[in-house]
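Student: need a structure here:
(chains A and B)
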Number of protein chains: 2
Amino acid sequence: MRMHRARGPRPTMLAIAGDSAAGKTTLTRGIVAALGTERSTSMCVDDYHRYDRSERAGLPFTALHPDCNYMQIMEQHLQLLAMGEPVLKPVYDHSTGLLTRPRLVEPREVVIAEGLLPLHTRLSRACFDVTVYVDPGERIRREWKVRRDTSERGYTRDQVLAELARREPESEAFIRRQRREADITVSFGPIDGREDPPGTPLSATLLLRPTIRHPNFAKLIAEVPPSVAHLKLMRDADGSPVDALHIHGYAPEAEAEVLAKAIWSGLGVDQALPSCLGVIGPSVRSEPLRLAQLLLLYHVLRDVF
Amino acid sequence: MRMHRARGPRPTMLAIAGDSAAGKTTLTRGIVAALGTERSTSMCVDDYHRYDRSERAGLPFTALHPDCNYMQIMEQHLQLLAMGEPVLKPVYDHSTGLLTRPRLVEPREVVIAEGLLPLHTRLSRACFDVTVYVDPGERIRREWKVRRDTSERGYTRDQVLAELARREPESEAFIRRQRREADITVSFGPIDGREDPPGTPLSATLLLRPTIRHPNFAKLIAEVPPSVAHLKLMRDADGSPVDALHIHGYAPEAEAEVLAKAIWSGLGVDQALPSCLGVIGPSVRSEPLRLAQLLLLYHVLRDVF
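Tutor: Reported below is the predicted structural model:
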């Protein structure tokens, strides 16, 4: 019996976990745009459903529940991709609720796996070089989910709210549990206890766990205007040391650029700072999003160069 | 990065390769019936199509061509099954010509992979403990294909013949090429140069290559009536030594039973000779089929007990 052949260099694996409408796709899109599809591929790991929509209707759990998904096959596919092997990934059609023809996913230099449960098992986590949990806070996530599912997926506001309520116990038990497993958590939102006027761009707080080696923000932050970001050494929920990097939503682009360039120059690459970061939508940009994407780009490129 | 976990004992892998309507399913069915579905699973490896029927219509090759299939994924799935891992296998719906929802295949003690191209690549062949090529000869295969595809798949005789002609170059280039890779080739048919009256049950010739350790037929054959079988030491197409075991289609059941029991007792198992072997269809049985299935059963069970 021969084992798997090595097929060229192994990709750098990035996980972006988070609940529905947390902003995973927006975060991922900028990173893929900066790397290009020749060098990176992204895949959604939410298609490993064991049941289609009509089969799920009679079951006592939602699609968020691990028992509702072929978690072992998700693990297997992540392992194979991490080893540089292609996989034939299942595909779930959100518009019809049916499982359909699978899709070939071939690894590139960087593979981004985004979805609800990429960090659920020890084995799936072990496949990643960098793990991220996106958590805009429940209030903002509900707003985003209502807005997206009513405008893009044809649901009414009441339907979306009912679905959110139905999923809440499983969100708590399985999705949010992954927060503590991530190297980085990204939270978009207003700062707690601050009353910014409506329309103020959202800020971001990045919790940087020392489970991977981050840029030396203690040094970098001293060189950028305080209007851009600040860093706070604190304790994680489990008591371990962690850095909280807060990036202001109102940071002027030119000043945020100072921090962006400082992070980028840490890579030592002879290449301009990518210009496609921070895009939320047509002509809507966010400096906190840009810096969060740039940090993730830093982490995946550090392994590549 | 952790590699695949070992999950209990690795299955014994049996490949049954051959062209369309060669009798692969009939051969497989008896083996699965004898082992039971608790201990064995069979899968068809013809569903790894890269294109569905309408997409293939514009392409310069048929579904037999390796380029028309995700051969690398077939290899990967065979490797995973051989290591005791489940796979999410693609499914091609022959009635609609569409690729559809994949199916979970979990390995049992014995995994039988039957289809057109399981022995096409070195890596796929390396996954198997025992490899078989079924080759009833082109004249008989065409008869079988016309009969099956007109009665069960709704084609006309002319359509089937046209399809056979269209596939012939790829049958020759890719399917029949696997004949030389098998440990055992099974050919049902009349003996060349013999004029048996119509209705005579087909005989079988089994080419037994010393690539695996067969029962000692030189010894066994001396103990059975010559009306059942004979053995001939000969040279393979490439000049290497090979045994040709010929089993007569007109062998009386009671006499063939002597050889069957001799093969079976070689396993040394405390279990009766399975009675479900040799079934072609409702109330149609074949002693050569029974002995061919029994020999394959011997090979897979030798590893299990």
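
Student: C-alpha only now, for contacts and for neighbours.
Tutor: Fine.

Student: would you map the helices across chain A?
Tutor: With DSSP state H as the criterion, chain A has helices at A:24-35, A:53-56, A:71-82, A:122-125, A:138-151, A:157-170, A:217-220, A:253-265, A:287-304.

Student: other SSEs contacting the third one?
Tutor: With contacts defined as 3 or more CA pairs under 8 Å, 6 or more residues apart in numbering or on different chains; DSSP states H and E, helix A:71-82 has these neighbours: strand A:87-93, helix A:122-125.

Student: so for residue B:122, which of the ones you listed sits nearest?
Tutor: In terms of CA to CA, the element of these nearest to residue B:122 is strand A:87-93, at 19.6 Å.

Student: tell me which other helices or strands that closest one touches.
Tutor: Contact analysis of strand A:87-93 by 3+ CA pairs under 8 Å, 6+ apart lists helix A:71-82, strand A:98-105 as its packing neighbours.

Student: show residues contacting that strand.
Tutor: A:46-49, A:52, A:77, A:80-81, A:98-106, B:73, B:88, B:90, B:101-102 (CA atoms under 8 Å, 6 or more residues apart in numbering or on different chains).

Student: could I get the CA-only coordinates of it as CSV?
Tutor: In CSV, the C-alpha atoms belonging to strand A:87-93 read as follows (Å, rounded to 0.1, in the frame of the first residue of the first chain):
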residue,chain,number,x,y,z
VAL,A,87,-10.8,17.1,-3.1
LEU,A,88,-14.2,16.6,-4.6
LYS,A,89,-16.2,18.8,-2.2
PRO,A,90,-20.0,18.3,-1.7
VAL,A,91,-22.2,21.2,-2.7
TYR,A,92,-25.4,22.4,-1.0
ASP,A,93,-27.6,24.7,-3.0
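
Student: per-residue confidence averaged over that strand?
Tutor: Strand A:87-93 shows a mean pLDDT of 97 in the predicted model.

Student: stretch A:252-261 now?
Tutor: For stretch A:252-261, mean pLDDT is 90.

Student: okay, buried residues for it please.
Tutor: A:255-260 (16 or more other CA atoms under 10 Å in any protein chain shown).

Student: now swap in stretch A:22-34 and tell me
Tutor: Buried residues in stretch A:22-34, counting neighbours by 16+ other CA under 10 Å, are found at A:22-24, A:26-32, A:34.

Student: just how off-centre is it within its chain?
Tutor: Offset of stretch A:22-34 from its chain centre (CA atoms, centre = their mean, to the nearest Å): 7 Å.

Student: equivalent analysis for stretch A:65-83, please.
Tutor: Stretch A:65-83 has its C-alpha centroid displaced from the chain centroid by 17 Å (CA atoms, centre = their mean).

Student: just the CA coordinates for it, please, in PDB.
Tutor: Extracted in PDB, the C-alpha atoms of stretch A:65-83 (Å, rounded to 0.1, in the frame of the first residue of the first chain):
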ATOM      1  CA  HIS A  65     -25.400  20.900  14.600                       C
ATOM      2  CA  PRO A  66     -22.300  18.700  14.000                       C
ATOM      3  CA  ASP A  67     -24.500  15.600  13.800                       C
ATOM      4  CA  CYS A  68     -26.300  17.200  10.800                       C
ATOM      5  CA  ASN A  69     -23.000  17.200   8.900                       C
ATOM      6  CA  TYR A  70     -20.400  14.800   7.700                       C
ATOM      7  CA  MET A  71     -17.800  16.300  10.000                       C
ATOM      8  CA  GLN A  72     -15.400  13.400   9.500                       C
ATOM      9  CA  ILE A  73     -15.500  14.000   5.700                       C
ATOM     10  CA  MET A  74     -14.900  17.800   6.300                       C
ATOM     11  CA  GLU A  75     -11.900  16.800   8.500                       C
ATOM     12  CA  GLN A  76     -10.700  14.400   5.800                       C
ATOM     13  CA  HIS A  77     -11.000  17.100   3.000                       C
ATOM     14  CA  LEU A  78      -9.100  19.700   5.100                       C
ATOM     15  CA  GLN A  79      -6.400  17.200   5.800                       C
ATOM     16  CA  LEU A  80      -6.100  16.300   2.100                       C
ATOM     17  CA  LEU A  81      -6.000  20.000   1.100                       C
ATOM     18  CA  ALA A  82      -3.400  20.700   3.800                       C
ATOM     19  CA  MET A  83      -1.300  17.900   2.200                       C
END
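
Student: give me the contact list for that stretch.
Tutor: Here stretch A:65-83 makes contact (CA under 8 Å, 6+ apart) with A:6-7, A:10-13, A:45, A:48-51, A:61-63, A:86-87, A:89, A:106-107, A:111, A:117, A:123-124, A:127-128, A:170, A:174, B:3, B:86-88.

Student: could you flag which of the residues you listed are buried?
Tutor: Among the contacts of stretch A:65-83, those that count as buried by neighbour count (16+ other CA under 10 Å) are A:10-13, A:45, A:48-51, A:61-63, A:86-87, A:89, A:107, A:111, A:117, A:123-124, A:127-128, A:170, A:174, B:86-88.

Student: spatially central residue in chain A, please.
Tutor: By CA atoms, centre = their mean, chain A has its centre lying nearest to residue A:16, at 2.8 Å.

Student: tell me if I'm right that that one and residue A:115 touch.
Tutor: Yes - the pair residue A:16 and residue A:115 qualifies as a contact (CA atoms under 8 Å) at a distance of 6.6 Å.

Student: how about the residues of the stretch 51-200 of chain A near chain B?
Tutor: A:73, A:79, A:86-88, A:90, A:99-102, A:123, A:126-127 (CA under 8 Å from any CA of the partner chain).

Student: counting neighbours, what do you get for residue A:172?
Tutor: For residue A:172, the neighbour count with other CA atoms under 10 Å in any protein chain shown is 12.

Student: right, and residue A:189 touches residue A:141 too?
Tutor: No - shown here, residue A:189 and residue A:141 do not form a contact pair, counting by CA under 8 Å, at 9.6 Å.

Student: could I get the helices and strands packed on helix A:71-82 as CSV with distance to residue B:234?
Tutor: Shown next, in CSV, are the helices and strands packed on helix A:71-82 (distance: least, CA to CA, whole Å):
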stretch, distance to residue B:234
strand A:87-93, 44
helix A:122-125, 53
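
Student: looking at these, which is nearest to residue A:266?
Tutor: Smallest distance to residue A:266 across these (CA to CA): 26.5 Å, for helix A:122-125.

Student: by contact count, what packs against that closest one?
Tutor: Helix A:122-125 is packed against helix A:71-82, with contacts defined by 3+ CA pairs under 8 Å, 6+ apart.

Student: so the helix it packs on versus helix B:71-82, what angle?
Tutor: Interaxial angle of helix A:71-82 relative to helix B:71-82 (axes from the mean of the first three to the mean of the last three CA atoms, to 10 degrees): 130 degrees.

Student: follow-up on the earlier one: in the buried residues of stretch A:22-34, find the pair that's most separated.
Tutor: Top of the distance list for the buried residues of stretch A:22-34 (CA to CA): A:22 and A:34, 21.1 Å.

Student: in the stretch 51-200 of chain A, where is pLDDT below threshold?
Tutor: Applying pLDDT under 70 to the stretch 51-200 of chain A picks out residues A:191-193, A:198-199.

Student: residue contacts, whatever residue of the stretch 101-250 of chain A ends up closest to chain B?
Tutor: Closest approach between the stretch 101-250 of chain A and chain B, counting by CA to the nearest CA: residue A:101, at 4.8 Å. Residue A:101 sits next to A:90-91, B:90, B:99-102 when contact means CA under 8 Å, 6+ apart.

Student: quick revisit: what's the closest of the helices and strands packed on helix A:71-82 to residue B:225?
Tutor: Ranking those by proximity to residue B:225 (CA to CA) places strand A:87-93 first, at 52.6 Å.

Student: give me the sheet partners of the closest one and which way each runs.
Tutor: Applying DSSP bridges, strand A:87-93 is found paired with strand A:98-105 (antiparallel).

Student: list the buried ones in the strand it pairs with?
Tutor: Result for strand A:98-105 [16+ other CA under 10 Å]: buried residues A:98-102, A:105.

Student: just put the contacts of residue A:101 in TSV and tack on distance to residue A:279.
Tutor: Listed next are the contacts of residue A:101 as TSV, based on distance: CA to CA, whole Å:
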residue	distance to residue A:279
A:90	29
A:91	27
B:90	37
B:99	36
B:100	36
B:101	35
B:102	36
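
Student: with that, I have no additional questions.
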